[in-house]
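Mind looking at a prediction? Sequence and model below.
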Amino acid sequence: MSKGSAIKLYYAAEETPGVLPTTPVWKTVRRVTDGLTENITTSTSNSVLDSRFRQGSTADESEITGSLEVELSIGTFDDFIGAVAMNAWVVDGTDTKKHTLQFGGDTTKTFTFVKVFSDINQIHVYKGIRIGELGLSIATTGKITATFGLVGTDFEKAVSSPVTDPLPVDDAVLVSALNVNTMTVNGQNTVGTACVQSVELTITNNLSPYRCIGSGKLSAQGYNDKMVDITLATQFMFTSQSATYIPFVKSRATMPLEFAIEDPAGNKYAFNFPQLEVSESSHPDGGGDDDIMLDVSFAHIKTSPVITRTLNA
């Protein structure tokens with residue numbers, strides 16, 4: 001009988017995709033769920049013999065996927081955020097506590113993940129893991145959560161764990177809606193005016209698996225990264241300020257959006273989206289007892305958004 005509290009998840013960066021380094025640096029993942037699995041696709045035989053019985057099936061392919069859900073804290077998941085950006089965090093030229101990250105790079109980063117069911121001694125090893133997608137969810141109350149989309153090239157059930165001396169998870173505090181600094185849209189403060197209710201940020205590299213005849217593998221040999229899509233699904237109170245966003249869906253003009261998340265120790269992520277198009281903005285409606293909301297979907301174009309990270313610890 002296995003229980004969720006006994007699951008341990010570790011990862012190490014790979015130097016060659018799908019190959020664990022000789023001396024890996026193992027780190028412990030603080031997770032809510034990860035969903036790592038190998039899905040096998042089969043084909044049933046259509047051959048007819050001397051009876052009406054099916055003649056069995058073959059294994060056609062496997063897909064190694066996962067969705068890592070975490071509670072956000074500043075700095076804890078920067079390896080994964082950098083993998084989605086396909087870029088490195090770059091130290092600021094004047095302030096070494098600051099680093100910037102640009103999305104839409106071309107540096108492929110892969111990892112080995114080891115999932116240990118410690119109460120029943122089951123060990124699952126996933127290799128060649130790429131983190132192709134990031135979702136960030138912010139509401140007016142509650143914790144800020146992030147979800148990372150995982151895909152991989154190899155899975156094995158191991159007899160013993162390859163993890164040795166894993167680094168512990170840092171003790172950074174969780175961040176919530178109260179840690180979000182002033183959000184500006186099109187250069188205007190939205191607090192008490194447009195009054196943002198929720199933000200759902202999605203960044204995806206649209207990874208596409210490829211397979212090769214003769215590889216002898218069911219799983220993908222690797223993944224091609226296609227066009228990067230960056231979207232924000234937002235909800236505002238319907239006000240005279242937020243109403244000005246609606247015409248942008250026709251004009252195709254762009255607007256900037258900025259906000260920051262800062263914990264009590266002064267550790268911070270500052271998000272800068274300089275060129276957002278309004279991709280959808282339905283006219284609001286509601287009943288007599290409703291607060292009227294405006295849903296606006298943004299798509300980022302042409303340039304890279306930037307995260308500036310400040311770490312005081």
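In hand now; what should we look at? Residues are numbered from 1 along each chain as shown.

Next, name the residue at the spatial heart of the chain.
What sits nearest the mean C-alpha location of the chain, by Cα atoms, centre = their mean, is L134, with 2.0 Å.

a helix runs through it, doesn't it?
No: L134: not assigned to a helix; according to DSSP: H, G, I helix; E, B strand; the rest coil it is strand.

For it, give its distance to V196.
20 Å (Cβ to Cβ, to the nearest Å). Placement of C-beta: from N, CA and C, glycine included.

Run through the residues that contact S43.
S57, T58, D60 (Cβ atoms under 8 Å, 6 or more residues apart in numbering).

list the contacts for D291?
Contacts for D291 (Cβ under 8 Å, 6+ apart) come out as M237.

Quick check: pLDDT value at it.
Predicted confidence (pLDDT) at D291: the value is 92.

strands paired with the helix-or-strand element of the chain with minimal mean pLDDT, and their directions?
One helix or strand of the chain scores below all others by mean pLDDT, DSSP states H and E: strand 37-44, with a mean of 91. Sheet partners assigned to strand 37-44 using DSSP bridges are listed as strand 57-71 (antiparallel).

can you pull the buried residues of the strand it pairs with?
Buried residues in strand 57-71, counted by 16 or more other Cβ atoms under 10 Å: S62, I64, T65, G66, L68, E69, V70, E71.

Can you show me the helices along the stretch 151-300 of the chain?
Taking DSSP state H, counting those that start in this stretch, the helices of the stretch 151-300 of the chain run over residues 248-251.

Identify each of the strands in it and give its residue range.
Secondary structure of the stretch 151-300 of the chain by DSSP state E, counting those that start in this stretch: the strands cover 154-158, 184-185, 188-189, 196-204, 207-210, 222-225, 229-237, 255-262, 268-281, 293-300.

Any chance you could list what contacts the fourth one?
By Cβ under 8 Å, 6+ apart, the surrounding residues in contact with strand 196-204 are 84-85, 103, 132-140, 149, 183, 185, 190, 228-237, 259, 271, 293.

ok so, going back, can you redo the strands of the stretch 151-300 of the chain as JSON lines with mean neighbour count and distance to K27?
What follows is those, written out as JSON lines (neighbours: other Cβ atoms under 10 Å; distance: least, Cβ to Cβ, whole Å):
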{"stretch": "strand 154-158", "mean neighbour count": "14", "distance to K27": "18"}
{"stretch": "strand 184-185", "mean neighbour count": "20", "distance to K27": "35"}
{"stretch": "strand 188-189", "mean neighbour count": "12", "distance to K27": "38"}
{"stretch": "strand 196-204", "mean neighbour count": "18", "distance to K27": "22"}
{"stretch": "strand 207-210", "mean neighbour count": "14", "distance to K27": "23"}
{"stretch": "strand 222-225", "mean neighbour count": "16", "distance to K27": "22"}
{"stretch": "strand 229-237", "mean neighbour count": "19", "distance to K27": "27"}
{"stretch": "strand 255-262", "mean neighbour count": "18", "distance to K27": "22"}
{"stretch": "strand 268-281", "mean neighbour count": "19", "distance to K27": "20"}
{"stretch": "strand 293-300", "mean neighbour count": "20", "distance to K27": "30"}
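
Let me know which of these is the nearest to I144.
strand 255-262 (6.6 Å; Cβ to Cβ).

Just give me the longest helix of this structure.
helix 78-85 (DSSP state H).

Output the contacting helices and strands for the helix or strand where Y11 lies.
For Y11, the enclosing helix or strand under DSSP states H and E is strand 7-13. Packed against strand 7-13 by the contact rule (3 or more Cβ pairs under 8 Å, 6 or more residues apart in numbering; DSSP states H and E) you find strand 27-28, strand 111-117.

how near is N206 to G82?
According to Cβ to Cβ, N206 stands 18 Å off from G82.

Those two: who's more crowded?
Neighbour tally, N206 and G82, criterion other Cβ atoms under 10 Å: the higher count belongs to G82, 20 against 13.

Identify the residues contacting the more buried one.
Taking Cβ under 8 Å, 6+ apart, we find G82 in contact with A88, W89, L101, K109.

Please apply the same query to I40.
I40 neighbours (Cβ under 8 Å, 6+ apart): A59, E61, S62, L218.
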